[in-house]
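Chemist: Using only what follows, build the 3D model:
(chains A, B, C and D)
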Protein chains: 2
Amino acid sequence: MFTGALSQTARTQDRIVDAARALLATAGLAGFSMRAVAERSGVTAGAIYRHFRHKEALVERVVELGFEQFERKLLEAIVSLPVGSFARIAALGDAYIRFAAEHEEEFKILFNPVVTGRKRVKDLPGQGGYAILRRCIVEAMEHGALKESDPDLVAFYLWSRVHGIVMLLLACDFGDEFDVEGGPEAAELFDATRVYVTAGLNARE
Amino acid sequence: MFTGALSQTARTQDRIVDAARALLATAGLAGFSMRAVAERSGVTAGAIYRHFRHKEALVERVVELGFEQFERKLLEAIVSLPVGSFARIAALGDAYIRFAAEHEEEFKILFNPVVTGRKRVKDLPGQGGYAILRRCIVEAMEHGALKESDPDLVAFYLWSRVHGIVMLLLACDFGDEFDVEGGPEAAELFDATRVYVTAGLNARE
DNA sequence: ACACGAATGTAAACACCGTTTACTATTACT
DNA sequence: AGTAATAGTAAACGGTGTTTACATTCGTGT
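Modeler: Residues are numbered from 1 along each chain as shown, chains lettered A, B, ... in the order given. Okay, here's the model as predicted:
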């Protein structure tokens, strides 16, 4: 049967997922228990198992939604910038870093090999942003903004770069190496090291 | 009193830590329970609390030992290479990646912001390798192997690069983007993208 | 050599966790 | 209206990290 309204099933399933997302964002993975999710969604812990096979499946769903939101942010970041420009690539890196900063707890989960398994890039929503990045790289090469090269290799290089900046700063406090109180922010270091990416490190010219 | 032998305290404490390290390496964090560590070290779970305040403190100790071993590997990697050479810097990256590959489970923990807290780089054994890397960079600049620049910024750039490669590959499978069955290895991608680091990406010369 | 206090270990309990079970209430459809 | 699937509940189960009450061992001063 089809009614315009959502089925009761869908309603509580959504409430569970919403509660799970909120809980993960505020309490982190430590405070994320089935009973806590249940209470937040006005349901009993056992009821969650009518909608998700186990806790991991619920976490996976949250991660999936996180990646969808992530992809949306990446698309928004480049939409108003000229096709084929280096600015588009820089904007993607910036959006990546901004997302990580604004959704810290969620980001820690998205790419955490301990809490969620290793993901095939192809199966991620929007290929985890890889597809967008690769397209911008190809276009930039066509427009002469980037040296011609293997776009997959460049995409991996640039992705691992922003990812490394974010993950390293999540794991380590560089407050004593860079005299910024509380440590420098990812966005600053991303900007400050950009020149190395464009011009290279070699002294030889 | 002082005897040549270790005190009983130190003995069982070592046995606990050894068991913890072995368990973490084989079963990962999922199989790492206080009772499992206890059984492996021939002791009761409660006894562990005479030596470590809580589970996290035990994990922290394992992480600390991991960082010490990590630093040793980095030092070994450069000792026979000429001071001031770019080869030293490349060797550090290589050792970083090799360590991550050979101690995968341990590495996932060392830099995981979810399982261990954010660490001050200065407090890590060997500053987590930062001190070694920075010294090699300064020496390379003095010998003209690297463009003159802020060594801290370059160190962060290079560290985040290897870290990003490793963490990204731990989280994601790129088997479909690079036609290497099961996905490419970190060492391959590290080598293949090195030219971007030395020469830069810009088309403009 | 002995005694005594601290250090170390044990077994059992506690509260919490993910998950399952037995049961009830609701829903959708003939 | 009747019925079979669906959705929800409360209680239980085994496992977890941690604490407790108690026993043992150890180190040391006399």
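Chemist: what pLDDT, on average, does the host helix or strand of residue A:66 get?
Modeler: For residue A:66, the element it lies in under DSSP states H and E is helix A:55-78. The average of the pLDDT scores along helix A:55-78 is 97.
Chemist: What helices and strands are in contact with the helix or strand following it?
Modeler: Per DSSP H and E, the first helix or strand lying C-terminal to helix A:55-78 is helix A:86-102. Helix A:86-102 sits against helix A:55-78, helix A:130-142, helix A:151-171, helix A:186-192, with contacts defined as 3 or more Cβ pairs under 8 Å, 6 or more residues apart in numbering or on different chains; DSSP states H and E. Quick note: C-beta positions are derived from backbone N, CA and C, even for glycine.
Chemist: The helix holding residue A:66 near DNA strand C at all?
Modeler: Yes. Helix A:55-78 is in contact with DNA strand C by Cβ under 7 Å from any atom of the strand, via A:55, A:56.
Chemist: what residues are up against the one residue in chain A that gets nearest to chain B?
Modeler: Nearest residue of chain A to chain B, counting by Cβ to the nearest Cβ: residue A:164, 2.3 Å away. By Cβ atoms under 8 Å, 6 or more residues apart in numbering or on different chains, the residues touching residue A:164 are B:159, B:160, B:161, B:162, B:163, B:164, B:165, B:167, B:168.
Chemist: Hmm, the third one is touching residue A:158, no?
Modeler: No. No contact is recorded between residue B:161 and residue A:158 when judged using Cβ atoms under 8 Å, the distance being 10.6 Å.
Chemist: low-scoring pLDDT stretches of chain A, where are they?
Modeler: By pLDDT under 70, the weakly predicted segments of chain A are A:1-6, A:203-205.
Chemist: which bits of it sit near DNA strand D?
Modeler: A:7, A:8, A:9, A:12, A:42, A:43, A:44, A:45, A:46, A:47, A:50, A:51.
Chemist: elements contacting the helix holding residue A:66?
Modeler: Counting contacts by 3+ Cβ pairs under 8 Å, 6+ apart, helix A:55-78 is packed against helix A:8-27, helix A:34-40, helix A:86-102, helix A:104-110, helix A:130-142.
Chemist: In JSON lines: those helices, plus mean neighbour count.
Modeler: Below are those laid out as JSON lines (neighbours: other Cβ atoms under 10 Å in any protein chain shown):
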{"stretch": "helix A:8-27", "mean neighbour count": "16"}
{"stretch": "helix A:34-40", "mean neighbour count": "17"}
{"stretch": "helix A:86-102", "mean neighbour count": "20"}
{"stretch": "helix A:104-110", "mean neighbour count": "20"}
{"stretch": "helix A:130-142", "mean neighbour count": "20"}
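Chemist: now these as TSV including distance to DNA strand C?
Modeler: Output for the helices and strands packed on helix A:55-78, formatted as TSV (distance: least, Cβ to the nearest atom of the strand, whole Å):
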stretch	distance to DNA strand C
helix A:8-27	5
helix A:34-40	3
helix A:86-102	25
helix A:104-110	14
helix A:130-142	30
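Chemist: Relative to residue A:63, which of these is closest?
Modeler: Proximity to residue A:63 (Cβ to Cβ) singles out helix A:104-110 among those, at 5.7 Å.
Chemist: re earlier: export the helices and strands packed on helix A:55-78 to a markdown table and append columns for distance to residue B:135.
Modeler: As requested, those are exported to a markdown table (distance: least, Cβ to Cβ, whole Å):
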| stretch | distance to residue B:135 |
| --- | --- |
| helix A:8-27 | 40 |
| helix A:34-40 | 48 |
| helix A:86-102 | 28 |
| helix A:104-110 | 31 |
| helix A:130-142 | 34 |
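Chemist: Residue B:124: which of these is closest?
Modeler: helix A:104-110 (19.6 Å).
Chemist: residues in contact with that closest one?
Modeler: Outside helix A:104-110, the residues that touch it by Cβ under 8 Å, 6+ apart are A:21, A:24-26, A:28-29, A:59, A:62-63, A:66-67, A:70, A:99-100, A:115-116, A:166, A:170, B:113-114.
Chemist: Now do that helix: distance to the chain's middle.
Modeler: Centre-to-centre, helix A:104-110 and its host chain are 8 Å apart (Cα atoms, centre = their mean, to the nearest Å).
Chemist: Alright, I will stop here.
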